[in-house]
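Asks: what follows is a protein structure lacking sequence information:
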């Protein structure tokens with residue numbers, strides 16, 4: 001099973017339908033993704049399930065339905081165990097961005113964290129869950145596939161928000177402040193926490 005978010009509502013890629021008045025079920029093979037996005041924009045639908053008999057082909061078949069944008073980012077810990085957050089578009093988020101040509105996922109994740117926050121000296125510890133969401137740019141829908149990495153740093157310098165990316169704050173958040181930030185964050189980020 002996979003979850004692809006449209007805003008904070010999920011498209012669930014699965015082999016099983018769900019009988020619930022707030023859930024719409026469609027066959028993945030025949031579905032028009034624009035109709036799914038439209039349905040999720042209503043108050044009547046809380047979740048859409050796209051059904052396919054082969055569990056191993058769910059994601060592959062879905063990703064062919066819209067253009068893909070590949071991104072990478074980091075869940076960065078400092079020496080105090082705090083996590084690095086950015087505040088963009090009035091929500092708490094983790095630093096991430098589009099991979100550039102010729103760049104590995106790891107290189108892109110480190111570059112994006114550095115650019116968006118000013119933090120240096122990053123080391124990748126391990127890969128985390130990959131997240132998926134649908135967004136609209138220049139009038140067209142796309143699927144953003146974000147590869148996440150757990151990172152650490154002993155950086156103690158100034159945090160610098162990348163203003164031209166609409167980032168207004170960068171903060172190290174401890175456990176209690178992370179819980180509070182999750183009240184105003186994205187479903188994909190909540191999965192990573």
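Replies: Sure thing, it's come through. Being a predicted model, the structure only gives us computed values, none of them experimental.

Asks: would you map the strands across the protein?
Replies: Counting by DSSP state E, the chain has strands at residues 2-6, 9-14, 23-27, 47-51, 68-77, 83-88, 91-93, 96-98, 123-127, 131-137, 140-152, 167-173.

Asks: run me through the strand neighbours of the last one, direction for each.
Replies: Yep, that's strand 167-173 we're talking about. Paired with strand 167-173 in the same sheet, following DSSP bridges, are strand 83-88 (antiparallel).

Asks: contacting residues around the partner strand?
Replies: With contact meaning CB atoms under 8 Å, 6 or more residues apart in numbering, strand 83-88 is reached by 74-78, 92-95, 113, 116-117, 119, 159, 161, 165-173, 178, 181. Quick note: C-beta positions are derived from backbone N, CA and C, even for glycine.

Asks: restricted to buried residues, select these in PyMOL.
Replies: Buried residues among the contacts of strand 83-88 (16 or more other CB atoms under 10 Å), as a PyMOL selection:
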select buried, resi 74+75+76+77+92+93+94+95+113+116+117+119+161+167+170+171+172+173+181
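
Asks: can you give me how far stretch 1-18 is from the chain middle?
Replies: In terms of CA atoms, centre = their mean, to the nearest Å, the centre of stretch 1-18 is set 14 Å apart from its chain centre.

Asks: what about that stretch, how long is it end to end?
Replies: 13 Å (CA to CA, to the nearest Å).

Asks: and what of stretch 3-12?
Replies: Across stretch 3-12, first to last residue, CA to CA, it's 5 Å.
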